[in-house]
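>>> No sequence on hand, only this structure:
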């Protein structure tokens, strides 16, 4: 979209990696994040977390067709896309949200159905997403004030956790819910 949202065009049609694979799609999108200082940097979390959770609650051990292939990135405003590695792999899981560090557009945290993942520099170059917490995390946000970045994430049906670096996490302060998030 180049006209304030008046007209839209698809930029991912040619990116469908395996259109015949059951329940895994590069087209289903659970999260989109744009780097605050670079509108050409777009992160997409494939797989739709909310729908996945809905199916899990209604159908025991279901495998809905809304799970993704992992995180994808575009550095040219969505004209081209690349899958980024994740450990453990996020293929077959779903995203709820991606939070981009306002101080570092390379640093992100993602809330997924397979845990809380942090995007870090990979040995030898490039980047990868590494799981920092297990369990379903249904939301993640980031705030920056007075030179300090802080992430907050909701653990499904549990509590709010926080981190100043995306790597180590602890339960948020007393003014946050401690259960049933």
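Perfect, I can see it now. Remember, predicted model here, so these are calculated numbers, not experimental data. Numbers count the residues shown, from 1 in each chain.

>>> in this structure, which spans are helices?
For the chain, applying DSSP state H gives helices covering 49-58.

>>> Where does pLDDT dip in it?
Low-confidence segments of the chain (pLDDT under 70): 1-2, 11-27, 51-65, 181.

>>> the strands in it, which residues?
29-35, 38-47, 67-74, 82-83, 85-87, 95-100, 108-112, 115-121, 127-133, 137-145, 148-155, 160-163, 170-171 (DSSP state E).

>>> May I have the beta-bridge partners of the closest residue to residue 33 other than its chain neighbours?
Nearest residue to residue 33, sequence neighbours excluded (CB to CB, 6 or more residues apart in numbering): residue 98, at 3.9 Å. The way it works is simple: take the backbone N, C-alpha and C, and place the C-beta from them, glycine included. For residue 98, the beta-bridge partners under DSSP bridges are residue 110.

>>> So residue 98 sits against residue 34, correct?
No. The criterion here is CB atoms under 8 Å, and residue 98 misses it with residue 34 at 9.7 Å.

>>> Name the residues contacting each of those two.
Among the neighbours of residue 98, those also in contact with residue 34 (CB atoms under 8 Å, 6 or more residues apart in numbering) are residue 43.

>>> The two: who's more crowded?
Applying other CB atoms under 10 Å to residue 98 and residue 34 shows that residue 98 carries more neighbours, namely 24 against 17.

>>> ok, what's across the strand from the closest residue in space to residue 120 that isn't next to it in sequence?
Nearest non-adjacent residue to residue 120, counting by CB to CB, 6+ apart: residue 130, 5.7 Å away. Beta-bridge pairing for residue 130 (DSSP bridges): residue 87, residue 118.

>>> could the strands of the chain be laid out in TSV, adding distance to residue 178?
TSV is the format used below for those (distance: least, CB to CB, whole Å):
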stretch	distance to residue 178
strand 29-35	26
strand 38-47	27
strand 67-74	30
strand 82-83	37
strand 85-87	30
strand 95-100	20
strand 108-112	18
strand 115-121	18
strand 127-133	16
strand 137-145	16
strand 148-155	11
strand 160-163	8
strand 170-171	7
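
>>> Would you mind finding the most buried of the ones you listed?
Ranked by mean neighbour count, the strands of the chain are led by strand 108-112 with a mean of 30 (mean count of other CB atoms under 10 Å).
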